[in-house]
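Enquirer: Pasting the sequence and the predicted model now:
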Amino acid sequence: MRRRHLLEIHEQPWCPQAVRDGATDCLRLIAVIGRQFQGALPPLRRALALSGAQRIIDLGSGGGGPWLALRTQLQTQEGAPVPITLTDLFPNQQALQAARAKAPAQIDFVGSSVDATNVPEALQGLRTLFTTFHHFDPPVAQAILQDAVSAGQGIAIFEQTRRTRAAQAFMAILAPIAFLAVPLIRPFRWSRLFWTYVLPAIPAVLFFDGVVSCWRTYTEPELRSMIDGLLIDAEHGPAYVWEIGRAHTLLSPLGISYLIGYPAPSDRTPRGAHDIVS
Ligand SMILES: C[S@@+](CC[C@H](N)C(=O)[O-])C[C@H]1O[C@@H](n2cnc3c(N)ncnc32)[C@H](O)[C@@H]1O
């Protein structure tokens, strides 16, 4: 399938905030209950260890994504809590405050807008993007990788969609899940019920955006060519080690696709070269 950069409704400025937040809240609940990203832990831990990061800077966090579940699993495996900073171009303040309230010693958020293509220097740590990378067209996606490389920060990207017809058909499951999940989302909001049971915009947006997300998801060869196009020199950044792979998940036959990258140890990889492991 050819990549199509179609519009997702929830990212449009005209999409009502309650619908956008309701959709990302649903994704967060699905991720937490379904332990959707458990399979992401091994590559995530590798990226954390090999980049030497002491903190996770999550970009495009939406409603907090998988972090409420993942942070405890990560803590158990690491033997200590890893601090996590949630950020977004359009921060969902209420959801981010709720996420922080659940784990104030571990989760923090940036209340102002953080653009993944131009992350402030003060935000040092392993950059993560969950279910977000496909939102960006190729030049912007490449700019996100380049910004991480130029800042010398590790990056770990996880996607739960794939560019196949079967994956698009599988997205139909999101609408019924939204009808079941919405009453369980906290903090409670009447607007979420309205936009689900009176005007079912949240289930419709989840299904529509899910199908479009599959069309926008990058394939492994496309990721490789993005990596090959990165500027690696004294001015733009060090050589990186890149790993592309797919992890299994319990509930979704699509699995989790990932791309991780971190500065190459200088004694292993000559400047300007890439290691790619699949
Ligand atoms: C599908 S949501 C993913 C939310 C969350 N990571 C999750 O797993 O549920 C994509 C998020 O990316 C954010 N976003 C869009 N463009 C961005 C940019 N240039 N920089 C940072 N975040 C961006 C949107 O506001 C939205 O919250």
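Expert: Cool, the structure landed. Numbers count the residues shown, from 1 in each chain.
Enquirer: Going by C-alpha atoms from here, please, whenever you check contacts or count neighbours.
Expert: Fine.
Enquirer: Could you pick out the residues of the stretch 51-200 of the chain near the ligand for me?
Expert: Counting by Cα under 6 Å from any ligand atom, the residues of the stretch 51-200 of the chain close to the ligand are 59-66, 88-90, 114-116, 130-132.
Enquirer: Restricted to strands, list those.
Expert: Among these, the members falling in strands are Leu59, Phe130 (criterion: DSSP state E).
Enquirer: Type out the ChimeraX command that picks the buried ones from the residues of the stretch 51-200 of the chain next to the ligand.
Expert: Here is the ChimeraX command that selects only those of those that count as buried (16 or more other Cα atoms under 10 Å):
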select :59,60,61,62,63,64,65,66,88,114,116,130,131,132
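Enquirer: Wait, Pro43 touches Gly261, no?
Expert: No: using Cα atoms under 8 Å, Pro43 is not in contact with Gly261; the gap is 10.1 Å.
Enquirer: higher neighbour count, the two?
Expert: The neighbour comparison of Pro43 against Gly261 (other Cα atoms under 10 Å) goes to Gly261, with 30 against 21.
Enquirer: ok, now how distant is the more buried one from Phe170?
Expert: Using Cα to Cα, to the nearest Å, one obtains 29 Å as the distance from Gly261 to Phe170.
Enquirer: all strands for this structure, in order.
Expert: Under DSSP E, the chain gives strands at 56-59, 84-86, 107-109, 126-130, 155-159, 240-247, 256-263, 275-277.
Enquirer: how about these in TSV, adding mean pLDDT and distance to Pro16?
Expert: What follows is those, written out as TSV (pLDDT from 0 to 100; distance: least, Cα to Cα, whole Å):
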stretch	mean pLDDT	distance to Pro16
strand 56-59	98	22
strand 84-86	98	22
strand 107-109	97	23
strand 126-130	97	23
strand 155-159	97	25
strand 240-247	96	34
strand 256-263	96	29
strand 275-277	47	41
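Enquirer: Turn those strands into JSON lines, columns for distance to Pro200.
Expert: JSON lines is the format used below for these (distance: least, Cα to Cα, whole Å):
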{"stretch": "strand 56-59", "distance to Pro200": "28"}
{"stretch": "strand 84-86", "distance to Pro200": "28"}
{"stretch": "strand 107-109", "distance to Pro200": "30"}
{"stretch": "strand 126-130", "distance to Pro200": "25"}
{"stretch": "strand 155-159", "distance to Pro200": "26"}
{"stretch": "strand 240-247", "distance to Pro200": "33"}
{"stretch": "strand 256-263", "distance to Pro200": "28"}
{"stretch": "strand 275-277", "distance to Pro200": "43"}
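Enquirer: I'd like to know which of those strands is closest to Gly39.
Expert: Minimum separation from Gly39 across these (Cα to Cα) falls at strand 240-247, 5.3 Å.
Enquirer: Give the partner strands of the closest one in its sheet and their orientations.
Expert: strand 256-263 (antiparallel), strand 275-277 (parallel) (DSSP bridges).
Enquirer: Turn the ones you listed into TSV, columns for distance to the ligand.
Expert: Shown next, in TSV, are these (distance: least, Cα to the nearest ligand atom, whole Å):
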stretch	distance to the ligand
strand 256-263	12
strand 275-277	25
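Enquirer: Could you say which of these is packed most deeply?
Expert: Most buried of the strands paired with strand 240-247, by mean neighbour count (mean count of other Cα atoms under 10 Å): strand 256-263, with a mean of 25.
Enquirer: Check what contacts that one and list those residues.
Expert: Outside strand 256-263, the residues that touch it by Cα atoms under 8 Å, 6 or more residues apart in numbering are 37, 39-40, 43-44, 47, 50-51, 149, 152-161, 238-249.
Enquirer: give me every residue that touches the residue positioned nearest the centre of the chain.
Expert: Nearest to the centroid of the C-alpha atoms of the chain, with distances taken as Cα atoms, centre = their mean, sits Phe130, at 1.3 Å. Neighbour list for Phe130: Leu59, Gly60, Ser61, Gly65, Pro66, Ile157, Phe158, Glu159 [criterion: Cα under 8 Å, 6+ apart].
Enquirer: list the contacts for the nearest residue to Ala175 once chain neighbours are set aside?
Expert: Closest residue to Ala175 apart from its sequence neighbours, by Cα to Cα, 6 or more residues apart in numbering: Pro203 at 4.4 Å. When contacts are counted by Cα under 8 Å, 6+ apart, Pro203 touches Ala23, Leu174, Ala175, Pro176, Ala178, Phe179, Thr196.
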